[in-house]
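S.K.: Turn this into a model:
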Amino acid sequence: MSGLTHKIYLFTLVAITLFAFVYLGFYGAEYYFTDLDQRFFHQQNDFLKPSGFIGHGLGIVGAFLMVVGVFGYMARKRFRSLSRLGILKHWLEFHIFLCSLGPILVLYHTAFKFGGLVAISFWSMVAVVFSGIIGRFIYLQIPRTIEGRAMSMNELTIKKANFNIDLKNQFALDDDFLELVNNSTVSDEDLYKGVIFRKISKRLKFEKQQSRIIRTELEKRNIPKNKQREILRNVRAEIVLGRRIAWLTTMQNYLRYWHVLHLPFALIMLIIMIIHIVVALLFGSTWIF
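M.R.: Numbers count the residues shown, from 1 in each chain. Prediction:
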């Protein structure tokens, strides 16, 4: 998948998710804002209630998407026979898509009415979604190959060493500028003190400052604008790589702790969801089948 194709792919997944959320909210807004004890008399009740034609269908489709998203990604990670079916990075992105769209459909299936055993499953689902967002951020901080494999410190060191050589050969930049670039990728130890959110804030602020310094130096050298943008894009990528190298061990540890938290919530959600489906079937709730 080329860079442009990948961007279109991601844009499509995000667009579908946002469209589903906005469209369903707009379509049923009047019903969802109606008091629970008055919904029975609403003209959309037969369609949007949890056992209604649309509401029930949303629950089925949403549950199906989450099951496929969870077990499909788990299978791709664990079975070598599936390694030829696309790279892991793209599977993860599709997993995130299904496990974002699925909960949105389930949310509208509940008609915003939570209670009993199902409430535990719903709030477990919410915990899974939010922990997934955190996990995605942690995942992105660990440098990876195109295939999605985490890079070793040795690979990162080689990549960083080759950067200056490529920059000098491609753009004929002087040694003073290259030294400035090197300094911009190495931050003060003070940036890594404090709680994680403070570390992130301080590091991102540092990166913005360094980008401004690099841009100013490029303008002083009267380099054409198109080359300035290309150099700055490469330097910013190197600054981000420097951050990921500095955070590598910490983020790897966070990822291990994250798995310990994320998986139990997902299992609780799936188990209670299956119980809910079985009970619904036993009581004769069958949708259109």
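
S.K.: In CSV, could you pull the C-alpha coordinates for stretch 12-32?
M.R.: The C-alpha trace of stretch 12-32 is given here as CSV (Å, rounded to 0.1, in the frame of the first residue of the first chain):
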residue,chain,number,x,y,z
THR,A,12,-12.2,6.4,4.6
LEU,A,13,-12.2,4.5,7.9
VAL,A,14,-12.4,7.7,9.9
ALA,A,15,-15.1,9.1,7.6
ILE,A,16,-17.3,6.0,7.9
THR,A,17,-17.0,6.1,11.7
LEU,A,18,-17.8,9.8,12.0
PHE,A,19,-20.6,9.5,9.5
ALA,A,20,-22.2,6.7,11.4
PHE,A,21,-22.0,8.6,14.7
VAL,A,22,-23.4,11.9,13.3
TYR,A,23,-26.0,10.4,11.0
LEU,A,24,-27.5,8.1,13.7
GLY,A,25,-27.4,10.8,16.3
PHE,A,26,-29.2,13.3,13.9
TYR,A,27,-31.7,10.7,12.8
GLY,A,28,-32.8,9.7,16.3
ALA,A,29,-32.1,12.9,18.2
GLU,A,30,-35.7,13.7,19.0
TYR,A,31,-36.3,10.2,20.3
TYR,A,32,-33.0,10.0,22.3
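
S.K.: Flag every buried residue along it.
M.R.: For stretch 12-32, the neighbour count (16 or more other CB atoms under 10 Å) marks Leu13, Thr17, Ala20, Phe21, Leu24, Gly28, Tyr31, Tyr32 as buried. Where you see a C-beta, it was placed from the backbone N, CA and C, and this is true even at glycine.

S.K.: helices and strands around the host helix or strand of the fourth one, which ones?
M.R.: This means Phe21. Using DSSP states H and E, Phe21 sits within helix 3-27. If contacts are counted by 3 or more CB pairs under 8 Å, 6 or more residues apart in numbering; DSSP states H and E, helix 3-27 sits against helix 88-109.

S.K.: now the angle from the helix it packs on to helix 3-27?
M.R.: Helix 88-109 and helix 3-27 are oriented at 10 degrees to each other (axes from the mean of the first three to the mean of the last three CA atoms, to 10 degrees).

S.K.: Compute the inter-axis angle for the next helix or strand after helix 88-109 and helix 88-109.
M.R.: Using DSSP H and E, the helix or strand that follows helix 88-109 in sequence is helix 116-140. Per the same axes, to 10 degrees, the angle that helix 116-140 makes with helix 88-109 is 150 degrees.

S.K.: packing partners for the helix or strand just after helix 116-140?
M.R.: Per DSSP H and E, the first helix or strand lying C-terminal to helix 116-140 is helix 153-171. Contacts defined by 3+ CB pairs under 8 Å, 6+ apart place helix 153-171 against helix 175-184, helix 225-246.

S.K.: Between those, which has the poorest mean confidence score?
M.R.: With a mean of 73, helix 175-184 has the lowest mean pLDDT of the helices and strands packed on helix 153-171.

S.K.: which is the next helix or strand following that helix?
M.R.: Tracing the chain C-terminally past helix 175-184 and defining elements by DSSP H and E, one meets helix 196-220 next.

S.K.: Give the rounded mean pLDDT of that next one.
M.R.: Averaged over helix 196-220, pLDDT sits at 77.

S.K.: sorry, back to before: farthest-apart pair in the buried residues of stretch 12-32, please.
M.R.: Spanning the widest gap among the buried residues of stretch 12-32 are Leu13 and Tyr31, at 28.0 Å by CB to CB.

S.K.: Looking at the buried residues of stretch 12-32, which is nearest Ile213?
M.R.: Nearest to Ile213 among the buried residues of stretch 12-32: Leu13, at 36.3 Å, using CB to CB.
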